[in-house]
Every structure is written in structure tokens, then in C-alpha cells.
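Participant: I would like the atomic coordinates for the input below:
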Amino acid sequence: MSRSPEQPIADALEAVERCQRYVAALDRESDIAEMAEDAIERNLQITGEAVNHLPDEITGSHPEIAWPQIRGFRNILVH
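Facilitator: Predicted coordinates for the structure are as follows:
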């Protein structure tokens, strides 16, 4: 079954929010830095994967967002 465009958008927004929380934790708790870095990397991968599944009509209607760079960065992280 195909997912609606709203689902990958929600996935990406949730992953970005998690990254923001983890970055904030790095400033407070240096003992968890390595774990937070791993979590941030994983959530950036999720963001890129979600963007890969957005239809062209959504990405095309928001040219101000760097869609190719988001996809490309995900590929760098994964490979």
C-alpha cells in the first residue's frame, strides 16, 4: 500500500525535531555526545529517506528547499 505524501513529511519533521533535541543535549551533557551524534546521524538518514518518497508535485511546489542536497546528504551518510 502506498503512503500518502503527508506521511514522509511527518517522518522528516519528526526526525529533524529529534536532531534539534539531541544537539541541545550535546551542550548540556558531554557524556552522551557519542550517542547523540549517532542518533543525529540516523535521524538525518530518516529525513533524507522521507524526502526521497515525496512526489514531484510537492517538491516542485517548494523550490526554496534544497531537496537534491537533502537526498544527496542521506546517500553520503548511508554509503
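
Participant: what does the helix or strand of the chain with the lowest mean pLDDT contact?
Facilitator: Lowest by mean pLDDT, DSSP states H and E among the helices and strands of the chain is helix 6-28, with a mean of 86. Residues from elsewhere that reach helix 6-28 (CB atoms under 8 Å, 6 or more residues apart in numbering): 32-33, 36-37, 39-40, 43-44, 46-47, 49-54, 58. The C-beta positions use only the backbone N, C-alpha and C, and glycine is treated the same way.

Participant: tally of neighbours for His62?
Facilitator: His62 has 9 neighbours, counted by other CB atoms under 10 Å.

Participant: again with Ser2
Facilitator: Ser2, neighbours per other CB under 10 Å, totals 6.

Participant: check the one 5 residues further on too.
Facilitator: Using other CB under 10 Å, Gln7 has 13 neighbouring residues.

Participant: where does pLDDT dip in this structure?
Facilitator: For the chain, the stretches with pLDDT under 70 are 1, 27-31.

Participant: quick one, what contacts the residue nearest the centre of it?
Facilitator: Taking CA atoms, centre = their mean, the centroid of the chain lies closest to Thr47, which sits 2.1 Å from it. Counting by CB under 8 Å, 6+ apart, Thr47 makes contact with Asp11, Ala12, Ala15, Val16, Cys19, Ile70, Arg74.

Participant: Thr59 now?
Facilitator: By CB under 8 Å, 6+ apart, the contact list for Thr59 reads Val51, Ile65, Trp67.

Participant: any chance of those in a markdown table, with neighbour count too?
Facilitator: Shown next, in a markdown table, are these (neighbours: other CB atoms under 10 Å):
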| residue | neighbour count |
| --- | --- |
| Val51 | 23 |
| Ile65 | 13 |
| Trp67 | 18 |
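
Participant: those in strands, which ones?
Facilitator: Secondary structure from DSSP state E places none of these in strands.

Participant: with that, I have no additional questions.
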